[in-house]
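[1] just a sequence and a predicted model for now, questions to come.
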Amino acid sequence: MGSENNAKSMSIIVTKGTLDWAYPPFILATTAAAMGLDVTMFFTFYGLTLLKKDLNLKVNPLGNAAMEMPVGGGHMAMPNILAAMPGATALTTAMLKNMTKKKGVASIEELRELAVESDINMIACQMTMDLFEYKRDDMIDGLTIGGAASWVEVATKSDINLYI
């Protein structure tokens, strides 16, 4: 396959706003932009919180059966009974933040800043902003406010469309 068949544009719908779900869209978007793709991210429902100036992202272990943390040379899954205990979310959030920092993984704030610097078109869903009563001043600079039609217009021309 020659380079003429390579994708040139990508769109991502971002629907989740927890710390663990924030990494995939930002990593994929910034990587694609670094590879020369024209990238659009559409933030809707809980994904919209990732565009707020003040991030307070958490990881909820409850019902997250795939969540395993490296412990003592192995991996430990948190049983749902422990995940339901008070403080479990704070514990797993601190563990993930510590683990990403120790491994040199960029923070969500850093990845989001890179997305802005990479000219990624970040669209905040107007309907979701209205629904959750977010104001433009609550959000970071460098984004567009638009509706589903804004994403559809981009998606119909994109080589790659992802839903995260």
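    Yep, it's here.
[2] rest of the way, CA atoms for contacts and neighbours
    OK.
[3] phi, psi of residue 71?
    Backbone torsions of residue 71, given as degrees, to the nearest 10, read phi -140, psi 120.
[4] now it: how far from residue 101?
    Residue 71 is 16 Å from residue 101, where distance means C-alpha to C-alpha, to the nearest Å.
[5] more neighbours, those two?
    residue 101 (12 against 9; other C-alpha atoms under 10 Å).
[6] what sits against the more buried one?
    Neighbouring residues of residue 101 by C-alpha atoms under 8 Å, 6 or more residues apart in numbering: residue 107.
[7] which residue ranges of the protein form helices?
    Ranges of helices in the chain, per DSSP state H, are 19-34, 80-83, 88-102, 108-117, 126-131, 148-155.
[8] where does the prediction get shaky in the chain?
    Applying pLDDT under 70 to the chain flags residues 1-6, 61-67, 69, 76, 78-84, 87-89, 91, 93.
[9] any idea how far residue 68 is from the residue at minimal distance from the centre of the chain?
    Centroid-nearest residue in the chain: residue 22, 2.8 Å away (criterion: C-alpha atoms, centre = their mean). Distance, residue 22 to residue 68, using C-alpha to C-alpha: 17 Å.
[10] before we move on, what about residue 121?
    In terms of C-alpha to C-alpha, residue 121 sits 33 Å off from residue 68.
[11] OK, contacts around residue 123?
    Contact analysis of residue 123 by C-alpha under 8 Å, 6+ apart lists 40, 41, 42, 43, 143, 144, 145, 146, 150, 151.
[12] how about TSV for the helices of the chain, with distance to residue 9 added?
    Compiled in TSV, those are given as follows (distance: least, C-alpha to C-alpha, whole Å):
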stretch	distance to residue 9
helix 19-34	8
helix 80-83	40
helix 88-102	29
helix 108-117	15
helix 126-131	23
helix 148-155	9
